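[1] my questions concern the predicted model and sequence given below.
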Amino acid sequence: MNEHSLYAWIGNTDIRCFEEDNRENPGPVAQAYRTGRYDRLILLFNHITLSREGYDRWLQTLPLENNIQKTITIEIIDRPMENPTDFSAIYEIVTEQLSKRNSENRTYHLSPGTPAMAAVWMLVSAGPYPAELIESSLQMGVKDVHIPFDISFRYRPEITAFTQSVIGLTSGLPEDSVEFKMILTKSGQMKKLKENAKKAAVFNVPVLLLGESGTGKEMVANAVHSVSARKNGPLVSVNCGAIPRELLESELFGYEKGAFTGAEKNHKGFLEQADKGSLFLDEVAELSLQAQVKLLRVLQTGYIRPVGSEKDIKVDFRVIAATNKDLMQEVVEGRFREDLFHRLAVAVLKLIPLREREGDIAFLSEKLSQKVNKTFSDEAEGNWRERSLSEEALQVLIEHDWPGNIRELQNSITRLFLWADKPVISKEEARFALHRKTESSKEKQPGYHPLGDGIDLNAERDRMSFYYIQEALKQSGGVKKRAAELLGFKNYQTLSMQMEKLGIVWK
């Protein structure tokens with residue numbers, strides 16, 4: 001049978017009762033101790049004047065109710081704080097202690113300490129560390145608390161205040177980790193997204209990352225995990241679209257030896273590997289409906305059953321999911337379960353495409369240029385002449401629509417630097433790198449782009465305009481009036497405006 005532990009802060013009333021040796025009304029902690037319900041008391045305090053040994057001895061001299069005879073272990077843990085209403089500090093201290101002990105039944109005492117401390121107990125009980133709640137008073141004694149109905153009114157404003165504080169309306173956001181610092185941006189929208197990601201990281205809630213391919217969803221998932229209470233646990237990444245459907249169940253849930261042909265030993269699935277950590281489900285929309293049902297059950301119950309096993313295994317992980325699809329549309333069209341969608345879509349973060357990140361194309365181009373130069377210099381053992389982008393080449397990059405987002409930008413700069421004959425990249429080299437076609441005869445046609453999961457029609461229109469304007473200028477020998485006539489423009493001024501919009505410079 002698991003040990004039953006009571007967690008509580010030692011409050012001012014507890015200290016006063018101890019110092020006055022008040023045994024009739026000994027304070028909230030002592031009231032709970034005397035019930036004899038608990039095997040262990042884990043008491044947190046931030047009073048430098050309290051004698052831990054003295055308070056421990058005094059508690060153990062108090063008789064238990066109904067003549068109960070048992071030994072109760074008492075741990076008193078000193079955690080000084082400058083401000084006992086600092087939600088972030090309280091949360092960090094509490095989760096640090098709870099993460100050390102897993103196989104126990106827990107109860108949290110709401111009465112001793114500040115209302116902010118009570119609010120934290122309520123938050124963790126509803127999230128990563130479930131527990132029973134109690135409160136006590138001289139008149140009512142010790143009683144159970146059931147959120148949200150039986151909770152004492154005096155705590156309710158503190159829940160709101162706590163939420164506001166920890167999610168960053170005050171200065172309670174976690175500091176940048178290395179992973180957060182790797183998300184480079186000058187865009188105000190992206191800075192706000194990073195801030196929201198930190199807010200979400202504080203709580204043990206599911207995170208859903210939405211955005212086009214290449215926008216950095218995996219980087220954000222790594223960053224969220226890195227500042228969460230689970231940062232010391234594993235981060236297990238799963239590409240749901242890369243696992244064959246016939247293997248999906250055994251890969252996610254694991255299997256026992258002999259479960260099927262080739263199962264020569266027990267195998268932990270991804271969900272069990274993520275225990276006490278975070279599970280990153282990339283391309284979650286690619287899960288089959290059958291797999292979605294089984295994933296939903298795990299998220300609801302906290303248990304998995306490996307293939308071939310008759311026993312359930314308890315798992316405890318935080319799920320971070322990502323997709324480049326419109327999940328609500330997938331729900332409407334019957335390809336994604338609505339109940340699973342609502343399970344995952346708690347903290348929703350939408351990553352902005354690179355073309356909409358103001359100032360970031362130029363900023364990231366510079367940073368990536370530095371990175372590529374360093375990589376090539378290291379690999380060439382110093383026998384590398386640094387490359388740089390001319391202003392005209394940079395303008396070509398800025399005007400590009402970047403359907404592949406940051407991944408495409410990084411690969412394009414790498415390709416540009418690799419093939420460049422001169423240290424400074426020209427606009428022609430930049431255009432060649434961005435608009436190179438494949439061998440397919442169809443794809444050699446201007447503007448052709450396979451539909452796949454969809455296209456950006458405006459971007460395709462710009463590509464076609466770019467191609468035909470250059471062809472018209474070639475045929476006209478650079479005479480804009482003649483080129484405008486070839487393109488059906490009423491005057492050459494219209495052509496000039498289109499050239500400026502598309503970054504075409506003709507000499």
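    All right, it came through fine.

[2] ok, A32 touching V142?
    Yes. Here A32 lies in contact with V142, judged by CB atoms under 8 Å, at a distance of 5.5 Å. Yep, even glycine has a C-beta here, placed from its N, CA and C like the rest.

[3] compare those two (neighbour count), which wins?
    Comparing A32 with V142 by other CB atoms under 10 Å, the one with more neighbours is A32, at 23 against 18.

[4] pull the CA atoms of the host helix or strand of that one into CSV?
    Assigned by DSSP states H and E, A32 falls within helix 28-34. Coordinates of each C-alpha in helix 28-34 appear next as CSV, following Å, rounded to 0.1, in the frame of the first residue of the first chain:
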residue,chain,number,x,y,z
PRO,A,28,-3.7,24.0,10.9
VAL,A,29,-0.7,21.8,10.5
ALA,A,30,-1.1,20.2,14.0
GLN,A,31,-4.8,19.8,13.5
ALA,A,32,-4.1,17.7,10.4
TYR,A,33,-1.3,15.8,12.2
ARG,A,34,-3.7,14.8,15.0
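
[5] if you average pLDDT over it, what comes out?
    Average pLDDT, helix 28-34: 92.

[6] list the contacts of it.
    Outside helix 28-34, the residues within contact range by CB atoms under 8 Å, 6 or more residues apart in numbering are 6, 8, 10-11, 13-14, 17, 26, 38, 41, 43, 59, 62-65, 72, 109, 111-112, 134-136, 141-142.

[7] out of the residues you listed, name the ones that lie in helices.
    Here DSSP state H is the test, and those give T13, D14, C17, L59 as lying in helices.

[8] pull the contacting residues for the last one.
    To tie it back to what came earlier, the one meant is L59. L59 is in contact with V29, A30, Y33, L41, I74, counting by CB under 8 Å, 6+ apart.

[9] now tabulate those residues in CSV and tack on neighbour count and distance to V207.
    Below are these laid out as CSV (neighbours: other CB atoms under 10 Å; distance: CB to CB, whole Å):
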residue, neighbour count, distance to V207
V29, 29, 37
A30, 22, 41
Y33, 24, 40
L41, 21, 35
I74, 19, 38
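
[10] need those residues in JSON lines with distance to E333, can you?
    Below are the contacts of L59 laid out as JSON lines (distance: CB to CB, whole Å):
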{"residue": "V29", "distance to E333": "56"}
{"residue": "A30", "distance to E333": "61"}
{"residue": "Y33", "distance to E333": "58"}
{"residue": "L41", "distance to E333": "55"}
{"residue": "I74", "distance to E333": "59"}
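
[11] farthest pair within these?
    Spanning the widest gap among the contacts of L59 are A30 and I74, at 11.1 Å by CB to CB.

[12] which of the contacts of helix 28-34 fall in strands?
    Among those, the residues falling in strands (DSSP state E) are L6, A8, L41, L43, H109, I134, E135, S136, G141, V142.

[13] write the ChimeraX selection for whichever of these are buried.
    Selection of buried members from the ones in strands among the contacts of helix 28-34 for ChimeraX, criterion 16 or more other CB atoms under 10 Å:
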select :6,8,41,43,109,134,135,136,142
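
[14] can you name the two of the ones in strands among the contacts of helix 28-34 that sit furthest apart?
    Across these, no pair lies farther apart than L43 and G141, at 19.5 Å, counting by CB to CB.

[15] please, where are all the helices along the stretch 401-507 of the chain?
    405-419, 427-435, 457-475, 480-487, 492-502 (DSSP state H, counting those that start in this stretch).

[16] tell me the mean pLDDT for the shortest one?
    The reference is to helix 480-487. Mean per-residue pLDDT for helix 480-487: 86.

[17] cool, and stretch 246-261?
    84.

[18] any idea how far that stretch is from the chain center?
    28 Å (CA atoms, centre = their mean, to the nearest Å).

[19] same check on stretch 243-257?
    Worked out by CA atoms, centre = their mean, stretch 243-257 lies 25 Å from the chain centre.

[20] also stretch 495-507?
    Stretch 495-507 sits 42 Å away from the centroid of its parent chain (CA atoms, centre = their mean).

[21] pull out the buried residues from stretch 20-28.
    Result for stretch 20-28 [16+ other CB under 10 Å]: buried residues P26, G27, P28.

[22] straight-line length of it, end to end?
    15 Å (CA to CA, to the nearest Å).

[23] list the buried ones in stretch 30-48?
    So for stretch 30-48, counting by 16+ other CB under 10 Å, buried means 30-39, 41-47.

[24] with stretch 8-20 instead?
    A8, W9, I10, G11, T13, D14, I15, C17, F18.

[25] contacting residues for the second one?
    Yep, that's W9 we're talking about. Going by CB under 8 Å, 6+ apart, W9 touches L43, L44, F45, N46, H109, P112, G113, T114, M117.

[26] okay, who's weakest in those by pLDDT?
    Among those, N46 has the lowest pLDDT, at 80.

[27] roughly how far apart are that one and I413?
    Distance, N46 to I413, using CB to CB, to the nearest Å: 52 Å.

[28] re earlier: now distance to E96 too, for the contacts of W9, in a markdown table please.
    Shown next, in a markdown table, are the contacts of W9 (distance: CB to CB, whole Å):
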| residue | distance to E96 |
| --- | --- |
| L43 | 15 |
| L44 | 10 |
| F45 | 15 |
| N46 | 14 |
| H109 | 18 |
| P112 | 19 |
| G113 | 16 |
| T114 | 18 |
| M117 | 14 |
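
[29] could you find the closest non-adjacent residue to K350?
    Leaving out its chain neighbours, the residue that sits closest to K350 by CB to CB, 6 or more residues apart in numbering is L210, at 4.6 Å.

[30] could you count how many residues lie near the one you found?
    Counted with other CB under 10 Å, the neighbours of L210 add up to 18.

[31] what's it sitting at in phi/psi?
    Phi and psi for L210, reported as degrees, to the nearest 10, are phi -110, psi 140.

[32] closest to M190 among the buried residues of stretch 20-28?
    For those, the nearest to M190 is P28 (46.5 Å; CB to CB).

[33] so where's the stretch 151-300 of the chain uncertain?
    Residue ranges of the stretch 151-300 of the chain with pLDDT under 70: 151-176.

[34] please disregard the earlier target; I meant the stretch 401-507 of the chain.
    Along the stretch 401-507 of the chain, segments meeting pLDDT under 70 span 435-456, 458-459, 506-507.

[35] neighbours around V124, how many?
    22.

[36] in which helix or strand does it reside?
    Per DSSP H and E: helix 115-125 holds V124.

[37] for the stretch 251-400 of the chain, what spans make up the strands?
    Using DSSP state E, counting those that start in this stretch, the strands of the stretch 251-400 of the chain run over 278-282, 303-304, 313-314, 318-323, 347-350, 388-389.
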